[in-house]
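*Asks:* okay, structure incoming, though there's no sequence with it:
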């Protein structure tokens, strides 16, 4: 089976590579010539465990190809996936210009039946717009070539994307014809050996499922952060609360961890887009607006704790930061709590030293030399008046506290992910605070 995937960002590259791993002949398309050249040379532009090796293997075995020209492969494929970016506009709505440009190219160049599948996260109603653009382009050519559109939203977690794709808990496919359903069934048949579910729906429902899923997870996170902040005020322990409510089978334990706010490419953008979609349809998503408000405030909690500890006087303090990526196992810093924290620290006159196992280059690209980049996690703590732990990388979990204690100017730790045992840290001579205890 031959398919094309337009867009070699996180979703497109992981999806294309995993399809190739299952025997599909995949051509990945992107307008970024340098990115395509690098991929052709085996240089993967994103950090995702296991992806480099999988890309190289499938290139070598002739199942994975990269090009800047969709037209060159369009006549050889049955399915085209659109996995281009949908960045938020200033008003929070999703920018569909790249999605519609893919549709425009397909309508202008197609010579036979094509199934155009939207894999990007798009608002409900996007498929109608995609279909209209293709019909418009065909009308300009004076042709009437049959085609279908479909929605196949992704549910990949950064840091575990390959596992999520190869062994998903469900695959959602929105279709409006038997032919589209048959094609998508054939494409996903190799995965059925793992006994996972393919859920076929109408297209608007598939488009809504992705937004609703991410918004629900974001809601659980913000809810627990609100509970954690209240726990601190009343003397409760949010970890005990989490275990107590998570044991309720109606609630479950996932996404109930308190922390310093969520970030990344999905949750913030998708919550905003769903709020905007509701507004455009005359409805007010009051719960999601609160979710967004809680999260934005939570991103400053480490700074507020630090400021309170030093009585509001932070000028000339040296602050170490462990973790820059929005979560572990990725170099993605989009909407990361670290960016908010660093800005607040610099504005307060602090000297900031940072370390992250993989996101240092991304930090340099985003903020340049406004912070000092440490050689390792211990170097970051040299002469520090406080250590802020923002990302829960595994290598941060069992450091040599005696070494850290000797390197720091003042032994003060703010744990933004609740990964340490308070009594153990205090036994090493540190002042310690976290979230919700």
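*Replies:* That came through, no problem. Please read all numbers here as calculations on a predicted model, not as lab measurements.

*Asks:* residues in contact with residue 72?
*Replies:* Neighbouring residues of residue 72 by CB atoms under 8 Å, 6 or more residues apart in numbering: there are none. To be clear about C-beta, it is placed using only N, CA and C from the backbone, and glycine gets the same treatment.

*Asks:* surely it is in a helix?
*Replies:* Yes. Assigned with DSSP: H, G, I helix; E, B strand; the rest coil, residue 72 falls within a helix.

*Asks:* so what's it scoring on pLDDT?
*Replies:* The confidence metric pLDDT takes the value 93 at residue 72.

*Asks:* swap in residue 85?
*Replies:* 89.

*Asks:* and it, backbone torsions?
*Replies:* phi -70, psi 150 (degrees, to the nearest 10).

*Asks:* tally of neighbours for it?
*Replies:* 18 (other CB atoms under 10 Å).

*Asks:* surely residue 184 touches residue 172?
*Replies:* No. Using CB atoms under 8 Å, residue 184 is not in contact with residue 172, being 10.6 Å away.

*Asks:* which neighbours do the two share?
*Replies:* Common neighbours of residue 184 and residue 172 (CB under 8 Å, 6+ apart) are residue 152.

*Asks:* domain ranges for the protein, per the record?
*Replies:* 2-201, 211-297, 299-433 (automatic domain parsing).

*Asks:* so after the top helix by length along the chain, what's the next helix or strand?
*Replies:* Counting residues, the longest helix in the chain under DSSP state H turns out to be helix 203-234. Using DSSP states H and E, the next helix or strand after helix 203-234 towards the C-terminus is helix 238-246.

*Asks:* picking up where we left off before, buried sites along the longest helix of the chain?
*Replies:* 203-204, 206-211, 213-215, 217-229, 231-232 (16 or more other CB atoms under 10 Å).

*Asks:* name the helices or strands packed onto that helix?
*Replies:* Judged by 3 or more CB pairs under 8 Å, 6 or more residues apart in numbering; DSSP states H and E, the packing partners of helix 203-234 are helix 126-141, strand 147-151, strand 170-174, helix 238-246, helix 267-280, helix 286-298.

*Asks:* so where's the stretch 1-150 of the chain uncertain?
*Replies:* In the predicted model, the stretch 1-150 of the chain carries no residue with pLDDT under 70.

*Asks:* quick check: angle from the longest helix of the chain to strand 147-151?
*Replies:* Going by axes from the mean of the first three to the mean of the last three CA atoms, to 10 degrees, helix 203-234 is angled at 10 degrees with respect to strand 147-151.

*Asks:* centre of the chain to helix 203-234, how far?
*Replies:* 15 Å (CA atoms, centre = their mean, to the nearest Å).

*Asks:* one more: stretch 279-293?
*Replies:* 21 Å.

*Asks:* also stretch 364-377?
*Replies:* 22 Å.

*Asks:* for it, give me every contacting residue.
*Replies:* Outside stretch 364-377, the residues touching it (CB under 8 Å, 6+ apart) are 320-322, 333, 339, 342, 346, 351-355, 360, 363, 380, 382, 395-396, 399.

*Asks:* just stretch 10-25 next, same as before
*Replies:* Counting by CB under 8 Å, 6+ apart, 1-3, 5-6, 8, 26, 28, 30, 39, 44-46, 48, 51, 54-55, 57-58, 63-65, 81, 83-84, 119-120, 154, 156, 158, 161-162, 165-166, 187, 190-191, 265, 332 sit against stretch 10-25.
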